[in-house]
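[1] Below are the sequence and a predicted model for it; my questions follow.
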Amino acid sequence: MNRLTKSQIWIVAVIMLIAGAIVGGTAMQAGRAPEAAVTAAAPPVREAATMPTTFSPVVKSVLPAVVNISSTRVVRPARYQGRSPFEDLFPGFQMPDTPRRQEGQGSGVIVSQDGYVLTNNHVVDGANEVTVTLSDKREMTARIIGTDDKTDIALLKLNATNLPYVKLGSSANLEVGDIALAMGNPFGLGQTVTMGIVSAVGRGGLGIEEYEDFIQTDASINPGNSGGALVNVNGELVGINTAILSGSGGSQGIGFAVPIDMARQVMTQLKEKGAVTRAYLGIGMAPDPKNDSKGVRIDSLEANGPADKAGLQRGDVILAMNGKDVDERTLRLIAGSQAPGSLAKLRIERDGRERSVDVTLGTMPVERAANDQPPQRRRR
């Protein structure tokens, strides 16, 4: 073999260096290829939702329509039946019968430019005078258009125009976890805003009202918040703050609002007729012993009532009404939301067999009493 010259050795070395660099680069690319493939196959990283740093725009649009309500009722002292115990000590003594004024405070929401105001029935119940204070400190006397104690909703009217008002939203679209803002007049302090989330929807069986389909929220609700607004992040009214569950009388993170879809139905009837007329089946209800969470057993029937006339029998189990599965609470809600005289389609079970029955709903008697209310109830 001929010996290489120095120039030839340099040329070979350079060639080997270039070749090594090419091979090394290829190897590095080959080494990265699996990682690149994994990266390409991985799903894109989803950015976490960010909470707004302020709800000021929502508050500025809604708060002018949230009002303070002062109610005054005249009450008389309870008279003794028979002889007063004071008469034995002080002959000729008579218990005073002087009427006295009892005042209360709450909140309300203006829902139209011409001065209609939604609030709670218990805020104005029995009131002789109702005064509404607007956000600009104007005071106006309000007229009670009508009240509904079964949902605890009342409708007032101010003699004014071009008032700020809140747009009605839809409570049907609410989901657990949605942000909720509560606005009202807690403890008579004046307009106050608290924030929380929707903790639950469709709450019932609490014994607070006869018709319960509450929105539960942890936004602070305290005495004086009754009748105030529960709004979503779009500034739409989704509920009327009504009650809390509390061992102390103050907020403990469990507040309830009447959903606006229910309040809207009540408001429409109060506006048109001054009262609420509901449909009913005319039955006494009990849970189905076979399944406590589904179906309603007919425990009794009102003679010549709607259910009796339709041929329903004691012991029948109502499984669904108008295509919706029912329990005691939902059956009452569905029936109560219908117009008297409307046709209700029931799916029932009798003697182990299912069948369909059509019932023409009757008009609920006005004197029907609300359910008993447990001691833990705290209306706000």
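    Ah, there it is. Residues are numbered from 1 along each chain as shown.

[2] drop to CA atoms for contacts and neighbour counts, all remaining ones
    Fine.

[3] so where's the stretch 1-150 of the chain shaky on pLDDT?
    Applying pLDDT under 70 to the stretch 1-150 of the chain flags the ranges 1-51, 75-100.

[4] For Leu63, give me phi and psi.
    Phi and psi for Leu63, reported as degrees, to the nearest 10, are phi -60, psi -30.

[5] hang on, it packs against Ala182?
    No. Counting by CA atoms under 8 Å, Leu63 sits too far from Ala182 to count as a contact (10.1 Å).

[6] more neighbours, those two?
    Neighbour totals were compared for Leu63 and Ala182, and Ala182 leads with 26 against 22 (other CA atoms under 10 Å).

[7] any idea whether the more buried one is helix, strand or coil?
    Per DSSP: H, G, I helix; E, B strand; the rest coil, the local secondary structure of Ala182 is strand.

[8] Now do the contacts for Gly146.
    Gly146 makes contact with 154-156, 270-271, 274-275, according to CA atoms under 8 Å, 6 or more residues apart in numbering.

[9] Quick check: which element contains the residue most central in space within the chain?
    Centroid-nearest residue in the chain: Ile215, 2.7 Å away (criterion: CA atoms, centre = their mean). In this structure, Ile215 sits in strand 214-217 according to DSSP states H and E.

[10] ok, so of the contacts of Gly146, who is nearest Gly177?
    Ala154 (28.5 Å; CA to CA).

[11] residues in contact with the closest one?
    By CA under 8 Å, 6+ apart, the contact set of Ala154 is 118-121, 124, 144-148, 267.

[12] most neighbours, which of the residues you listed?
    Going by other CA under 10 Å, Asn120 tops these with 30 neighbours.

[13] And it, how close does it get to Ala243?
    Look at Asn120 and Ala243: by CA to CA, to the nearest Å, they are 10 Å apart.

[14] anything in contact with each of those two?
    Going by CA under 8 Å, 6+ apart, residues that sit against Asn120 and also against Ala243 are Ser226.

[15] residue boundaries of the strands in the stretch 151-300 of the chain?
    For the stretch 151-300 of the chain, the strands defined by DSSP state E, counting those that start in this stretch occupy 153-158, 179-184, 192-203, 214-217, 229-231, 237-245, 255-259, 279-280, 283-288, 291-301.

[16] pretty sure Gly341 contacts Leu361?
    Yes. Between Gly341 and Leu361 there is a contact under CA under 8 Å: 5.1 Å.
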